[in-house]
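Chemist: all I have is the shape, not the residue letters:
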């Protein structure tokens, strides 16, 4: 039996998303590239690469991972590259998308034989969080002035717009794409490809996927462009749990249970965005606040309702723990880093990575 | 020349804190244990262990690091230990402090030959942040009911109170210690040692260190106890910078500069607590918003005033970057993890750890 804590990736659950992604390509022609910033656990790339068209990246290391571990296309993007990494970035990518005209000019010569694009900021977005809003005031993410963009249009062949963020409304997506067309349509006409970025929850259960496909297809045909999507969360949603064990129970005005994990170390976004983990089922009569074992007072996964009272040794599974978790895990408090395990399509569970004291020690110096 | 980004620990600056810590021991008798949760970069333990009395910990891995890398006493504390780690914890510690009576009872037999203590929550604290406030409602951190605590008093020999948090007011510290005495004095009389935890900024420039020493000494003498402090930030404050390079400059309503680092990956608390980094000097005429290179819209170190316009290639140093930074660094976006370098007492700079693509890849699986 695998010791908790561990992330458990279920390939069958993953497959459900992947089949929808492949369906979108088939119906709309839009290619999907996995956004490694959200999920980069390469042990399941063998499955993912059969349904997706490649990867997109936010740094040299991510582009290298994408190129070496995932077949298909590899898009390079970064808010800023340094002089000493650009060669390696170009060597490991099929396209490079610059965040600014400044970066484009800096690496214009170095990248002259490459397919090149520019990130465009349409100054409208769907994020509910200012810290995650690419269209926030003074955003550094992409160029927004059509006249400035026009000055480099002959040297690039595509654009990347990334302004959706956990957007599960097709209407809102459509509305923003209309705005993009209004403001940048004359520029889009001059390029060969457009990436619409990530943050579109098109693999969700109730998402009107056919309308989405039609909209993408119409967009693609209108401008005669290849459309790309860069699903992160949409690729891996509901595929993974974080498996933990109850270490202690207390009553301090509420029933509390402490588990062998920590939001800060293992599910960081819960802390950054002050959100709760998901527990299922969660409709029993026994309510507990589930807490992490780090020293942080606010290391709280959330309050959940269980069928029975919790005991030391009980196993709990936090749902939907694939996106922005493993890529951000850290050694805060020296809490044991969760192992990574995969439930293969035949149902067998394979432990693919375990972290130990040595990893902790070597993470510092 | 060392490539940015890197954390640069200055031993001479560290020494200033350490000398104050040693002074407090000399004047008050209180022993200071480094809180590894804040700072665990063991390459400078050679210097630190000559001025401090040991380490305290929040987990098995931290206690092991403390025992193997830092001479003196090793305190074990954790919000919750698991059955399968308790033996190793006991093997690597001189004292064990349980967070709850439940945990104490669970490991009563296993720890019977050990010096044992209990964490007590005085239900009053100094944190300005709810998420960092150990006295928050329903806190899981420590026992708070004197009657319950009395039931185990014969099996323990000490208490840990940890309710200060970035507290730079001696008056507030004193006031809270008075409250602790009022509520728990009759229990303190029955033990041999008390740890007052960390979060007391007694190494700060204006801190009334002699008053502090007198108060500690009086407390120690009144109850005939050994007092411990567990300085984290106070041990390493102002000792370290994060060295970065400007990769791009933009004007989007404000002057922006993008550097080769990221608050989420390298100075996480800036993001969690929505705070700004520190830059010195910071009184020039040229104001810039300094941004990280991750994809996060809110990856912003802060707005600072420079003597001159910033250019690509310029070096910047974020001040006071030792506490809760290296211990939480992570691979978000695959941004290059900062190296760790030490300015030795003779002024020479030694690179002690560098992280590369392989570390990134092996952090996942």
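Modeler: Great, that's in hand. Source: prediction; values computed, not measured.
Chemist: could you measure from the closest residue to residue A:286 other than its chain neighbours over to chain B?
Modeler: Leaving out its chain neighbours, the residue that sits closest to residue A:286 by Cβ to Cβ, 6 or more residues apart in numbering or on different chains is residue A:306, at 4.7 Å. In this view, the C-beta of every residue, glycine as well, is placed from N, C-alpha and C. Relative to chain B, residue A:306 is positioned 17 Å away (criterion: Cβ to the nearest Cβ, to the nearest Å).
Chemist: first to last residue in stretch A:101-117, what's the distance?
Modeler: The first and last residues of stretch A:101-117 sit 10 Å apart, counting by Cα to Cα, to the nearest Å.
Chemist: helix/strand/coil for residue A:228?
Modeler: strand (DSSP: H, G, I helix; E, B strand; the rest coil).
Chemist: burial measure for it, as a count.
Modeler: 23 (other Cβ atoms under 10 Å in any protein chain shown).
Chemist: what's the answer for residue A:184, then?
Modeler: 19.
Chemist: and what of residue A:325?
Modeler: Around residue A:325 there are 24 residues (other Cβ under 10 Å).
Chemist: thought it was touching residue A:242?
Modeler: Yes. Assessed by Cβ atoms under 8 Å, residue A:325 is found in contact with residue A:242 at 7.1 Å.
Chemist: find residues that contact each of those two.
Modeler: Contact with both residue A:325 and residue A:242 is made by residues A:7, A:266, A:267, according to Cβ atoms under 8 Å, 6 or more residues apart in numbering or on different chains.
Chemist: ok, the residues you listed vs chain B, which is closest?
Modeler: residue A:7 (9.8 Å; Cβ to the nearest Cβ).
Chemist: and the pLDDT for that closest one?
Modeler: pLDDT for residue A:7: 98.
Chemist: helices of the stretch 51-200 of chain A, residue ranges please.
Modeler: Remark: helices assigned in the stretch 51-200 of chain A by DSSP state H, counting those that start in this stretch are A:60-69, A:86-91, A:101-106, A:146-150, A:170-188.
Chemist: remind me what the first one packs against, helices and strands.
Modeler: In terms of contacts (3 or more Cβ pairs under 8 Å, 6 or more residues apart in numbering or on different chains; DSSP states H and E), helix A:60-69 is packed against strand A:54-56, strand A:73-78, helix A:86-91, helix B:357-363.
Chemist: which residues are contacting it?
Modeler: Outside helix A:60-69, the residues that reach it (Cβ under 8 Å, 6+ apart) are A:34, A:36-37, A:40, A:42, A:45, A:54-57, A:74-76, A:78, A:81, A:85, A:88-89, A:92-93, B:331, B:333-336, B:357, B:360-361.
Chemist: which element is the residue sitting nearest the centre point of chain A on?
Modeler: By Cα atoms, centre = their mean, the mean C-alpha position of chain A lies nearest to residue A:38, the distance being 2.5 Å. Using DSSP states H and E, residue A:38 sits in no helix or strand.
Chemist: what about it, distance to residue A:62?
Modeler: To residue A:62, residue A:38 is 11 Å away according to Cβ to Cβ, to the nearest Å.
Chemist: go on, residue A:301?
Modeler: According to Cβ to Cβ, residue A:301 and residue A:62 sit 28 Å apart.
Chemist: burial measure for residue A:345, as a count.
Modeler: For residue A:345, the neighbour count with other Cβ under 10 Å is 12.
Chemist: now for the residue in the stretch 1-150 of chain A that chain B sits nearest to, how many residues are close by?
Modeler: Chain B sits closest to residue A:131 of the stretch 1-150 of chain A, with a gap of 2.9 Å, by Cβ to the nearest Cβ. A count of neighbours around residue A:131, defined by other Cβ under 10 Å, yields 17.
Chemist: quick check: closest non-adjacent residue to it.
Modeler: Counting by Cβ to Cβ, 6+ apart, the residue nearest residue A:131 is residue B:298, at 2.9 Å.
Chemist: you'd agree the one you found is up against residue B:272?
Modeler: No. Between residue B:298 and residue B:272 there is no contact under Cβ under 8 Å: 11.5 Å.
Chemist: just grab the bridge partners of residue A:289 for me.
Modeler: Beta-bridge partners for residue A:289, by DSSP bridges, are residue A:256, residue A:303.
Chemist: now the strands for the stretch 1-150 of chain A?
Modeler: A:6-10, A:31-35, A:54-56, A:73-78, A:95-98, A:115-120 (DSSP state E, counting those that start in this stretch).
Chemist: give me the helices and strands touching the last one, please.
Modeler: If you count contacts as 3+ Cβ pairs under 8 Å, 6+ apart, strand A:115-120 packs onto strand A:95-98, helix A:101-106, strand A:158-161.
Chemist: need phi/psi at the residue lying closest to residue A:163 once chain neighbours are set aside.
Modeler: Leaving out its chain neighbours, the residue that sits closest to residue A:163 by Cβ to Cβ, 6+ apart is residue A:125, at 4.2 Å. Main-chain dihedrals, residue A:125, degrees, to the nearest 10: phi -150, psi -180.
Chemist: which residues does residue A:125 contact?
Modeler: A:133, A:134, A:135, A:163, A:164, A:165, A:176.
Chemist: burial check on the nearest residue to the first one once chain neighbours are set aside, number of neighbours?
Modeler: Okay, so that is residue A:133. Distances taken as Cβ to Cβ, 6+ apart place residue A:127 nearest to residue A:133, at 3.8 Å, with adjacent residues excluded. Neighbours of residue A:127 under the rule other Cβ under 10 Å: 19.
Chemist: residue A:127 touches residue A:172, doesn't it?
Modeler: No. Between residue A:127 and residue A:172 no contact is recorded; they are 11.5 Å apart, counting by Cβ under 8 Å.
Chemist: which neighbours do the two share?
Modeler: By Cβ under 8 Å, 6+ apart, no residue touches both residue A:127 and residue A:172.
Chemist: packing partners of the lengthiest strand in chain A?
Modeler: Ranked by residue count, the top strand of chain A under DSSP state E comes out as strand A:240-251. In terms of contacts (3+ Cβ pairs under 8 Å, 6+ apart), strand A:240-251 is packed against strand A:6-10, strand A:255-259, strand A:315-319, helix B:101-106.
Chemist: and it, what's buried?
Modeler: A:240, A:241, A:242, A:243, A:244, A:245, A:246, A:247, A:248, A:249, A:250 (16 or more other Cβ atoms under 10 Å in any protein chain shown).
Chemist: and the closest residue to the fifth one other than its chain neighbours, how many neighbours?
Modeler: The reference is to residue A:244. Distances taken as Cβ to Cβ, 6+ apart put residue A:259 closest to residue A:244, at 4.1 Å, once the chain neighbours are dropped. Residue A:259 has 27 neighbouring residues, counting by other Cβ under 10 Å.
Chemist: same check on residue A:307?
Modeler: When neighbours are counted by other Cβ under 10 Å, residue A:307 comes out with 10.
Chemist: show the pLDDT at the closest residue to it other than its chain neighbours.
Modeler: Spatial nearest neighbour of residue A:307, excluding adjacent residues (Cβ to Cβ, 6+ apart): residue A:284 at 3.8 Å. Turning to residue A:284, the model gives it a pLDDT of 97.
Chemist: and residue A:284, helix, strand or coil?
Modeler: The three-state assignment at residue A:284 reads coil, by three-state DSSP.
Chemist: dump the residue contacts of it.
Modeler: A:305, A:306, A:307, A:308.
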